[in-house]
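S.K.: Dropping the sequence and predicted coords here.
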Amino acid sequence: MISTKPWRQSFQIDGIVHKAPIPMGTRVGNMLFSSAIMGSDPQTGKLAEGGDAQARHAFANLDALLAKAGATLGDIGRMTVYIASDEWRDAINREWLARFPDPDNRPARHTIIKELPGGMLAQLDIIAVIKE
């Protein structure tokens, strides 16, 4: 059977845009690669206030990207988390554990503490292999 899907397709999240002309994520074949997924509130288009809210919105935005690309949390093989300070690690872990409660069924994850632009306190990026 010949697929009618484009080999590469880019996705945006409604209400959120990067300042650079890049998509929120791109699907190539059955793989999904995200750009930086920030903790912006799609209702306002602005970064949420505080690390807890940014972590919550970043993961909600991840959920939205996965849905648009036809993927699920179970398709994620690796996640990189960028946080502006180690004080936001607990906020990230709360969202992480809510989505990946089974320690035997989680993506690989690497957390990097670094200065983030524009008041961002947390960003996510993922690589997923989508079951078809």
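M.R.: The structure has been received and is ready for your questions.

S.K.: could you pull out the strands for the chain?
M.R.: Ranges of strands in the chain, per DSSP state E, are 8-11, 25-28, 31-34, 37-38, 40-41, 46-47, 76-83, 108-113, 122-129.

S.K.: Among these, which comes closest to residue 63?
M.R.: strand 37-38 (9.9 Å; C-beta to C-beta). For every residue, glycine as well, the C-beta is placed using N, CA and C.

S.K.: Quick one: residues contacting residue 87.
M.R.: residue 51 (C-beta atoms under 8 Å, 6 or more residues apart in numbering).

S.K.: So the spatially closest residue to residue 57 that is not a sequence neighbour versus residue 128, what's the distance?
M.R.: Once flanking residues are discounted, residue 57 sits nearest to residue 39: 4.2 Å by C-beta to C-beta, 6 or more residues apart in numbering. Distance, residue 39 to residue 128, by C-beta to C-beta, to the nearest Å: 20 Å.

S.K.: Look at those two and report which has more neighbours.
M.R.: Higher neighbour count among residue 39 and residue 128: residue 39, with 29 against 25, using other C-beta atoms under 10 Å.

S.K.: per-residue confidence at that one?
M.R.: In this model, residue 39 is scored at 97, pLDDT.

S.K.: Surely it touches residue 49?
M.R.: No: using C-beta atoms under 8 Å, residue 39 is not in contact with residue 49, being 9.7 Å away.
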